[in-house]
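>>> sequence unknown, structure follows:
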C-alpha cells in the first residue's frame with residue numbers, strides 16, 4: 001500500500017470519528033481508486049457504507065475485498081461468514097461471533113464473557129460496545145450498559161443505530177434532554193428509519209407527561 005493511500009485511510013478514519021460522513025466517504029473512495037488490487041480500502045469504505053445503511057454498495061465493496069483477499073478475517077466477519085472462526089480463531093471478531101451466538105441461544109452470561117474477551121482485542125470497536133451495552137441493559141446492569149452504549153456512539157458517531165440505542169437508554173433513565181439530542185441526531189443520520197420515528201413519538205409523550213407533572217407540582 002502506498003503512503004498516499006495510507007494517509008487517505010487515516011484521514012477517512014478521523015473524519016468518520018468526527019461524524020463527518022461526507023468527508024470520510026471522499027477519503028475512502030479516493031483510497032479505493034488508488035489502492036489497485038488491495039482489500040483494505042474497500043473494507044473501510046464497505047464498512048462505512050454498511051453503517052450508513054447503504055447496504056447494496058457495502059455488499060459490492062465487501063465482495064470485491066473478499067475476492068482480492070479471501071482469507072482476510074475482517075472481510076469475512078463483515079460479510080457475516082463463519083469462516084472468521086477458522087481464519088482467526090483468537091481474534092476479537094471470533095469472540096464477538098461466539099457472544100452473538102450464545103446471546104441468541106439465551107446464554108446471557110456466556111455471551112457477556114465472550115464480548116468482554118472481544119473487547120480485550122478491540123477496546124474501541126463500536127459493534128462490540130453496542131452489543132455488550134444492549135446485553136447488559138437486558139440483564140438489568142443499566143449503569144454499566146449505558147457506559148458501553150455511550151462508548152459505541154463516541155467510537156462511531158455516524159451510525160444511526162448506535163445513536164438510537166443510546167437515545168432509548170437515556171429516555172428510560174429519565175434524561176429526556178440527552179434522549180432528544182440523540183434521537184434527533186439519529187433521525188438526521190437516517191430519516192427513513194421507522195424505529196427512530198417511534199422512539200421520537202415516545203419521547204414526545206414522556207416530555208408532555210413530565211411538563212404536566214411539573215405544572216401540577218407548581219400549582
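Thanks, I have it. Given the structure is predicted, the values throughout are model-derived calculations rather than measurements.
>>> so how far is the least confident helix or strand in the chain by mean pLDDT off the chain centroid?
The helix or strand of the chain with the lowest confidence, counting by mean pLDDT, DSSP states H and E, is helix 84-87 at a mean of 86. Between the centre of helix 84-87 and the centre of its host chain there is 22 Å, according to C-alpha atoms, centre = their mean, to the nearest Å.
>>> packing partners of the following helix or strand past that helix?
Per DSSP states H and E, helix 84-87 leads on to helix 92-104 as the next helix or strand towards the C-terminus. Where contact means 3 or more C-beta pairs under 8 Å, 6 or more residues apart in numbering; DSSP states H and E, helix 92-104 is packed against helix 73-78, helix 84-87, helix 108-121, helix 126-139. In this view, the C-beta of every residue, glycine as well, is placed from N, C-alpha and C.
>>> picking that back up, which elements pack onto the least confident helix or strand of the chain?
Packing partners of helix 84-87 (3+ C-beta pairs under 8 Å, 6+ apart): helix 73-78, helix 92-104.
>>> next one: the first one to chain centre, how far?
Helix 73-78 has its C-alpha centroid displaced from the chain centroid by 15 Å (C-alpha atoms, centre = their mean).
>>> and residue 83, its phi and psi?
phi -60, psi -20 (degrees, to the nearest 10).
>>> residue 76 is in contact with that one, correct?
Yes: distance between residue 83 and residue 76: 4.8 Å, which falls inside the contact criterion (C-beta atoms under 8 Å).
>>> residue 146: which element?
Counting by DSSP H and E, residue 146 is found in helix 142-155.
>>> which elements pack onto that helix?
Using 3+ C-beta pairs under 8 Å, 6+ apart: helix 142-155 touches helix 126-139, helix 160-172.
>>> what lies in contact with it?
17, 124-127, 129-130, 132-137, 139, 159, 162-163, 165-166, 169-170, 172-173, 182 (C-beta atoms under 8 Å, 6 or more residues apart in numbering).
>>> give me the domain ranges for the chain.
Here the domain assignment for the chain is 3-78, 84-218, based on automatic domain parsing.
>>> save the ones you listed as a markdown table, and put in mean neighbour count too.
Formatted as a markdown table, these follow (neighbours: other C-beta atoms under 10 Å):
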| stretch | mean neighbour count |
| --- | --- |
| domain 3-78 | 18 |
| domain 84-218 | 18 |
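>>> now mean pLDDT too, for the helices and strands packed on helix 142-155, in a markdown table please.
Below are the helices and strands packed on helix 142-155 laid out as a markdown table (pLDDT from 0 to 100):
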| stretch | mean pLDDT |
| --- | --- |
| helix 126-139 | 97 |
| helix 160-172 | 97 |
